[in-house]
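Student: sequence? don't have it. structure:
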């Protein structure tokens with residue numbers, strides 16, 4: 001099936017929108033193929049403000065309609081307690097919220113940006129999508145992440161080379177309780193690293209310490225700005241560590257499992 005065919009079969013739909021590469025291209029394609037579409041963004045403490053800013057920017061550039069739904073995701077103990085299948089419970093809450101809002105406007109078909117590169121075994125949240133009958137047009141049409149980046153670049157979408165992103169909760173090891181304070185600290189730390197030039201990284205919590213993961217290309221930057229990073233992140237963490245097992249692009253599985261300490265050195 002081609003995307004155009006999907007939108008012919010589903011001319012009116014709601015899209016679970018994150019502002020990332022996949023959902024951005026899906027929204028663009030829906031508009032391109034003349035579907036009646038509305039984007040729904042669920043904002044909680046799991047999403048940093050920068051992601052919402054990107055979502056707003058993209059919808060403005062496309063002239064698309066978007067609704068932001070605010071939710072207190074930590075109200076659910078099944079999520080706040082951070083079990084290994086937290087993503088499953090989180091997706092159920094998020095998509096239930098979107099489905100409820102979309103139904104009020106007679107959008108009875110709900111789609112998300114899951115692509116053909118996403119493996120169900122690595123993404124427990126995909127089980128929730130199946131249970132809630134959420135369509136994944138990019139996956140159904142066989143479009144991989146590389147395909148989507150290429151098509152997004154051709155379409156002029158600023159998201160085409162945006163690094164893969166996972167919610168802030170993935171920075172906290174499975175089994176460790178998630179709190180607003182931990183998430184705020186993580187967002188502050190990652191905002192700082194972004195401000196000094198890092199563009200594909202994670203700041204993970206290891207007890208009260210920070211474990212920074214960067215790509216191989218940016219190891220030098222981490223060392224060059226070592227003292228600045230230690231000074232800034234030291235305000236929130238007991239220690240600041242650099243992971244010597246470099247971060248790889250389009251990470252999926254590691255984001256959803258408890259992560260080991262790996263090989264790290266103290267900055």
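Tutor: That came through, no problem. No experiment lies behind these values; they were computed from the predicted model shown.

Student: Show me how this protein divides into domains.
Tutor: Taking automatic domain parsing as the criterion, the chain consists of the domains 3-161, 168-266.

Student: tell me the most buried of those?
Tutor: Per-stretch averages of neighbours, counted by mean count of other C-beta atoms under 10 Å, single out domain 3-161 among the domains of the chain, with a mean of 18. All C-beta spots, glycine's among them, are computed from the backbone N, C-alpha and C.

Student: gap between it and the chain center?
Tutor: 10 Å (C-alpha atoms, centre = their mean, to the nearest Å).

Student: what is the mean pLDDT for it?
Tutor: Mean per-residue pLDDT for domain 3-161: 93.

Student: okay, residue 220: pLDDT?
Tutor: pLDDT for residue 220: 94.

Student: which phi and psi does it have?
Tutor: phi -60, psi -40 (degrees, to the nearest 10).

Student: Likewise for residue 111?
Tutor: The phi/psi pair for residue 111 (degrees, to the nearest 10) reads phi -130, psi 160.

Student: who's it bridged to?
Tutor: On the basis of DSSP bridges, residue 111 is bridged to residue 15, residue 135.

Student: Find the centremost residue of the protein, please.
Tutor: In the chain, the C-alpha nearest the mean C-alpha coordinate belongs to residue 166, at 3.5 Å (C-alpha atoms, centre = their mean).

Student: Would you agree residue 239 is in contact with residue 211?
Tutor: No. Look at residue 239 against residue 211 with C-beta atoms under 8 Å: they stay out of range, at 9.2 Å.

Student: which residues in the stretch 151-267 of the chain form helices?
Tutor: 180-195, 219-224, 226-233 (DSSP state H, counting those that start in this stretch).

Student: Pull up the gap between residue 187 and residue 237, please.
Tutor: Distance, residue 187 to residue 237, using C-beta to C-beta, to the nearest Å: 14 Å.

Student: For residue 240, name its beta-bridge partners.
Tutor: residue 210.

Student: pretty sure it is in contact with residue 212, am I right?
Tutor: Yes. Contact criterion C-beta under 8 Å: residue 240 and residue 212 qualify, at 7.0 Å.

Student: Sweet, I'm off.
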